[in-house]
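1. let me see the structure of the following:
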Amino acid sequence: MTPHIETDRLVLRHIEIMDADTLFAIINNVKVDKWLTLVPWSYLCADAKDFVSCVTSQGVEVYSAICCDNVFMGCISYGAQLGYWLGKPFWGQGYMPEAANVVLSDYFIEDHPSLILGYHLENIASCSVVDKLGFQEAEVIQATSNVMRAVSIQRMILDSSRWEGHTS
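-> Presented below is the predicted three-dimensional model:
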């Protein structure tokens, strides 16, 4: 992922050690965590510091901080799949489609053939984001969430030719 991407309102940049405390403050909310399959509950400050240490030192999946006016609001990543989340104060303001659009442009410019993602079927807001991006349904799978236990995940796929048509 390009290390620094700007949109009209957002800056997507590498996550930094200094983000750990803010990340903890906004993700330590069951209304956020319940949509994140891999995030432990209850989320501890040590979890945030471990996550930030891990992503700042690895290269397998690429994570970016989503920021507006130098305020850390959430994360977006692509690697094995597209993943994203925002803190509750930032919901419903169009930030995630804006961030995801530039990340997908960055992803497909590297000649990747497709990208997958999954969202909890009950997460209407995430479904809306995915629809705006042009993803197509693939399958529903069952997963385990640390907050909600058993959950149904809608797997989605976006291929590069559909993305090119979506952005034209």
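
2. need the phi and psi values for P89.
-> Note on P89: backbone dihedrals following degrees, to the nearest 10 are phi -60, psi -10.

3. against C45, how distant is Y84?
-> Separation of Y84 from C45 (Cβ to Cβ, to the nearest Å): 22 Å. Yep, even glycine has a C-beta here, placed from its N, CA and C like the rest.

4. quick one, helices of the chain?
-> 20-27, 30-33, 45-57, 95-109, 124-133, 160-167 (DSSP state H).

5. so D159 sits right up against H112, yeah?
-> No: if you go by Cβ atoms under 8 Å, D159 and H112 don't touch, sitting 9.3 Å apart.

6. could you find the closest non-adjacent residue to the most centrally placed residue in the chain?
-> Centrality entry for the chain: nearest residue to the mean C-alpha point is Y84, 0.9 Å, by Cα atoms, centre = their mean. Closest residue to Y84 apart from its sequence neighbours, by Cβ to Cβ, 6 or more residues apart in numbering: I76 at 4.3 Å.

7. go ahead and confirm the one you found touches A100.
-> Yes: shown here, I76 and A100 form a contact pair, counting by Cβ under 8 Å, at 6.6 Å.

8. identify the contacts common to those two.
-> Residues touching both I76 and A100 by Cβ atoms under 8 Å, 6 or more residues apart in numbering: 82, 84.

9. how about low-confidence regions in the chain?
-> Within the chain, the stretches with pLDDT under 70 are 1, 58-61, 148, 165-168.

10. again, only using 80
-> 1-3, 37-38, 40-41, 57-62, 79, 145-149, 164-168 (pLDDT under 80).

11. contacting residues for the closest residue to C127 other than its chain neighbours?
-> Leaving aside its sequence neighbours, C127 sits nearest to Y119 (Cβ to Cβ, 6+ apart; 6.3 Å). Contacts for Y119 (Cβ under 8 Å, 6+ apart) come out as 35, 126-127, 130, 153-154, 156.

12. so which of those residues comes closest to T56?
-> Distance to T56, by Cβ to Cβ, is smallest for W35 among the contacts of Y119, at 23.9 Å.

13. surely that closest one meets C127?
-> No: if you go by Cβ under 8 Å, W35 and C127 don't touch, sitting 11.1 Å apart.

14. before we move on, back to that, among D159 and H112, which residue is more densely surrounded?
-> Between D159 and H112, D159 has the larger neighbour count (other Cβ atoms under 10 Å), namely 16 against 13.

15. can you tell me how far the nearest residue to the more buried one once chain neighbours are set aside sits from R162?
-> In space, and not counting its chain neighbours, D159 is closest to S114: 4.2 Å by Cβ to Cβ, 6+ apart. To R162, S114 is 9 Å away according to Cβ to Cβ.
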